[in-house]
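**Student:** Here you go, sequence then predicted model.
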Amino acid sequence: MKANEQFRKSVAELFRSQNLATLSTQHAGQPYASLVAFVASDDLDQIYFATPTTTRKYANLVADSRVAMLINSSMNQTSDFHRAISVTAVGKAKDVTEKDKKRILDQYLAKHPHLEDFVRSPTCALVRVFVESYYMVKNFQHVTELHLTP
């Protein structure tokens, strides 16, 4: 298996096993982090999450679409230093278009059925992150990268 294929396989396995990601946005250079429930596209080119349009993270996204998302398998144990895998996805976020909304919402709710009322609220936005690069950390310090855009 090629390194690129193995990298994608590891990312896909991690994403299937985790429900939450840490989303990093910024406002005027000040980073801001928040937890979001997420789902990724099958090809891993996009990650989706939902947020109310009244939140600080949403205002930050509107002002500057650049984001980073951290997904990891840590359990807050000492063994995590050698066993946990962390993946940071870097890209740009935009609201999901009406054309794609039903398909993506179905995918999102398949993973997070308990969030149906939340995500169907009229003040909730479904957001798509166009992933540009992934950075994977294993064994606490072994870093590999995958760049999806030139």
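**Tutor:** Structure's in. What do you need? Residues are numbered from 1 along each chain as shown.
**Student:** Any stretches of the protein with poor pLDDT?
**Tutor:** Low-confidence segments of the chain, defined by pLDDT under 70, span residues 1, 3, 80, 150.
**Student:** List the contacts of Leu105.
**Tutor:** Contacts of Leu105 were listed using Cβ atoms under 8 Å, 6 or more residues apart in numbering, and they are 96, 119, 126. Backbone N, C-alpha and C define where each C-beta goes, glycine included.
**Student:** Please disregard the earlier target; I meant Leu146.
**Tutor:** For Leu146, the contacting residues are 4, 7-8, 11, 133-134, 136, taking Cβ under 8 Å, 6+ apart as the criterion.
**Student:** What residues sit buried inside stretch 65-78?
**Tutor:** Taking 16 or more other Cβ atoms under 10 Å as the basis for neighbour counts, the residues of stretch 65-78 that come out buried are 67-72.
**Student:** still on that earlier bit, what's the ChimeraX syntax to select whichever of the contacts of Leu146 are buried?
**Tutor:** Selection of buried members from the contacts of Leu146 for ChimeraX, criterion 16+ other Cβ under 10 Å:
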select :7,8,11,134,136
